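1. model this:
(one chain, ligands or ions: 1)
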Amino acid sequence: MRILVIAGCSEGFVMPLVPLSWALRAAGHEVLVAASENMGPTVTGAGLPFAPTCPSLDMPEVLSWDREGNRTTMPREEKPLLEHIGRGYGRLVLRMRDEALALAERWKPDLVLTETYSLTGPLVAATLGIPWIEQSIRLASPELIKSAGVGELAPELAELGLTDFPDPLLSIDVCPPSMEAQPKPGTTKMRYVPYNGRNDQVPSWVFEERKQPRLCLTFGTRVPLPNTNTIPGGLSLLQALSQELPKLGFEVVVAVSDKLAQTLQPLPEGVLAAGQFPLSAIMPACDVVVHHGGHGTTLTCLSEGVPQVSVPVIAEVWDSARLLHAAGAGVEVPWEQAGVESVLAACARIRDDSSYVGNARRLAAEMATLPTPADIVRLIEQA
Ligand SMILES: Cc1cn([C@H]2C[C@H](O)[C@@H](COP(=O)(O)OP(=O)(O)O)O2)c(=O)[nH]c1=O
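-> Numbers count the residues shown, from 1 in each chain. This next block holds a predicted model:
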């Protein structure tokens, strides 16, 4: 089969699709990954072939303008905020649609693989009349986001004589069943195999016995960017935490882009290293993670059995952070309460209560029993 993987415009949307893409390739299928131009190095760095769907862009920019080119305002309440994000995912399709369709018409895929909110995938599949597969890349994917995205695309769907996208051939979900209040009907579970980017060399301290507990601090690939105008405070909180966390008695590793790591200098004694380290490579050498609630980060830490302090910056991940907190595998510090003191208190709670690590390890063991991407390939072949 020829499978066109259609992804979004930042690492968080692309990297979680890599393990299934590779499983499809390893089973002998042809895979081509299409995403915005800035994702080229991420895709090719994962050893997969890449084709651009649009020039480089980022989600905050897409979110900032409506279809008519008017500046949008970001709501504060959760429900309108989720709808605002969903409409942004709808408008992302308008940037990608033409090139993605032209590519698909030339490459002639048998199947489209995409993640829940990358709606360019189902639009291309519906236009060409081919099946598509949806892989969830989150613990929870609020339905409101998707329905708002579909609503934003009403004119494009109407051109196809549709009011909604055709159902996917397969809907893959990665949330451990015991974390869900209710099973999601019509979904197939898959083990979340983390892929966190290219790794030139695993640092030697990962293999050494640690002398004191170790904490990893990361805010993902987007939140600490100085130009991320929609997330005020992300960078300053990261800077303050990198100074203060060693005071809790942890050895600290700061996982941020190498460029950002330079701007965090001078780091206090007790910070072992700072730079871009693929999380799954360093998790075996960490006891707790403090992060921004990013879905890839959350699922990576869960799959490695490491308890987490989640400061969920973006409304899209609030539900995931609540699930984590409710499962006792982490502590949620809601964004509006986020500050050095609240995060330090959450870390101390995890340090002093062994139930967090017990629950995190139990969930990792549960995730390890779910069908692997290779098992899912067999299901796709039979569907
Ligand atoms: C900055 C950084 C990111 N990552 C990875 C972890 C996740 O797979 C991914 C971040 O995705 P995610 O957690 O979804 O957050 P965001 O979209 O806000 O970036 O990047 C590392 O592994 N190491 C790092 O040093």
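2. residues in contact with the closest residue to the ligand within the stretch 251-383 of the chain?
-> Relative to the ligand, the nearest point of the stretch 251-383 of the chain is residue 294 (2.2 Å; Cβ to the nearest ligand atom). Just so you know, the C-beta spots here come from the backbone N, C-alpha and C atoms, and that holds for glycine as well. If you count contacts by Cβ atoms under 8 Å, 6 or more residues apart in numbering, residue 294 has them with 12, 220, 221, 222, 223, 317.
3. for it, phi and psi?
-> Taking degrees, to the nearest 10, you get phi -50, psi 140 for the backbone angles of residue 294.
4. Distance of it relative to residue 300?
-> Separation of residue 294 from residue 300 (Cβ to Cβ, to the nearest Å): 9 Å.
5. hmm, back to that, hmm, which two among the contacts of residue 294 are most spread apart?
-> For the contacts of residue 294, the maximum inter-member distance is 13.8 Å, found between 221 and 317 (Cβ to Cβ).
6. Between these two, tell me which one has more neighbours.
-> Per other Cβ atoms under 10 Å, whichever of residue 221 and residue 317 has more neighbours is residue 317, with 26 against 22.
7. Doesn't that one lie inside a strand?
-> No: Residue 317: not assigned to a strand; according to DSSP: H, G, I helix; E, B strand; the rest coil it is helix.
8. Touching, it and residue 295? I think so.
-> Yes: if you go by Cβ atoms under 8 Å, residue 317 and residue 295 touch, sitting 5.8 Å apart.
9. Pull up the overlap in contacts between those two.
-> residue 138.
10. Enumerate the residues of the stretch 1-150 of the chain near the ligand.
-> 10, 11, 12, 15 (Cβ under 6 Å from any ligand atom).
11. How many residues are close by the nearest residue to residue 370 once chain neighbours are set aside?
-> Nearest residue to residue 370, sequence neighbours excluded (Cβ to Cβ, 6 or more residues apart in numbering): residue 191, at 4.0 Å. Residue 191 has 19 neighbouring residues, counting by other Cβ under 10 Å.
12. And residue 191, which helix or strand is it part of?
-> Residue 191 is part of no helix or strand when elements are defined by DSSP states H and E.
13. Test my guess that it contacts residue 366.
-> No: the criterion here is Cβ under 8 Å, and residue 191 misses it with residue 366 at 9.7 Å.
14. joint contacts of these two?
-> Joint contacts of residue 191 and residue 366 (Cβ under 8 Å, 6+ apart) do not exist.
15. helix or strand right after the longest helix along the chain?
-> Of all the segments of type helix in the chain, defined by DSSP state H, the longest one is helix 78-107. Going down the chain from helix 78-107, the next helix or strand is strand 111-115, by DSSP H and E.
16. ok, and for the following helix or strand past that following strand, which residues are buried?
-> Using DSSP H and E, the helix or strand that follows strand 111-115 towards the C-terminus is helix 120-128. Going by neighbour count (16 or more other Cβ atoms under 10 Å), the buried part of helix 120-128 is 120, 121, 122, 123, 124, 125, 126, 127, 128.
17. Off-centre distance for helix 120-128?
-> Averaging C-alpha positions (Cα atoms, centre = their mean, to the nearest Å) puts helix 120-128 22 Å from its chain's average.
18. Repeat that for stretch 274-288.
-> 16 Å.
19. Now do the buried residues in it.
-> The neighbour-count criterion (16+ other Cβ under 10 Å) identifies 274-283, 285-288 as the buried residues of stretch 274-288.
20. wouldn't residue 371 be in contact with residue 190 here?
-> Yes: applying Cβ under 8 Å as the test, residue 371 and residue 190 come out as touching, 5.8 Å apart.
21. For the stretch 201-350 of the chain, give me the ranges with low pLDDT.
-> Along the stretch 201-350 of the chain, the model assigns pLDDT under 70 to residues 226-232.
22. rerun that using 80 as the cut-off
-> 224-233 (pLDDT under 80).
23. near the ligand, which residues of it?
-> Contacts of the stretch 201-350 of the chain with the ligand, taken as Cβ under 6 Å from any ligand atom, map to 218, 220-223, 255-257, 276-279, 294-297, 300.
24. Which single residue of the stretch 51-200 of the chain approaches the ligand most closely?
-> Of all residues in the stretch 51-200 of the chain, residue 196 sits closest to the ligand, at 3.2 Å by Cβ to the nearest ligand atom.
25. so what's the residue of the stretch 1-150 of the chain found nearest the ligand closest to, chain neighbours aside?
-> Closest to the ligand within the stretch 1-150 of the chain is residue 12: 2.3 Å, counting by Cβ to the nearest ligand atom. Of all residues not flanking residue 12 in the chain, residue 296 sits nearest, at 5.2 Å (Cβ to Cβ, 6+ apart).
26. Wasn't residue 359 part of a strand?
-> No: using three-state DSSP, the assignment for residue 359 is helix, not a strand.
27. show me the residues around it that make contact.
-> With contact taken as Cβ under 8 Å, 6+ apart, residue 359 is in contact with 307, 327, 328, 329.
28. contacting residues for the nearest residue to the second one once chain neighbours are set aside?
-> So the one you mean is residue 327. The shortest distance from residue 327 to any non-neighbouring residue, by Cβ to Cβ, 6+ apart, is to residue 179 (5.0 Å). Residue 179 is in contact with 139, 323, 324, 326, 327, 363, counting by Cβ under 8 Å, 6+ apart.
29. Next up, the contacts around the first one.
-> With contact set as Cβ under 8 Å, 6+ apart, residue 139 has these partners: 174, 175, 179, 295, 298, 299, 302, 319, 320, 323, 324.
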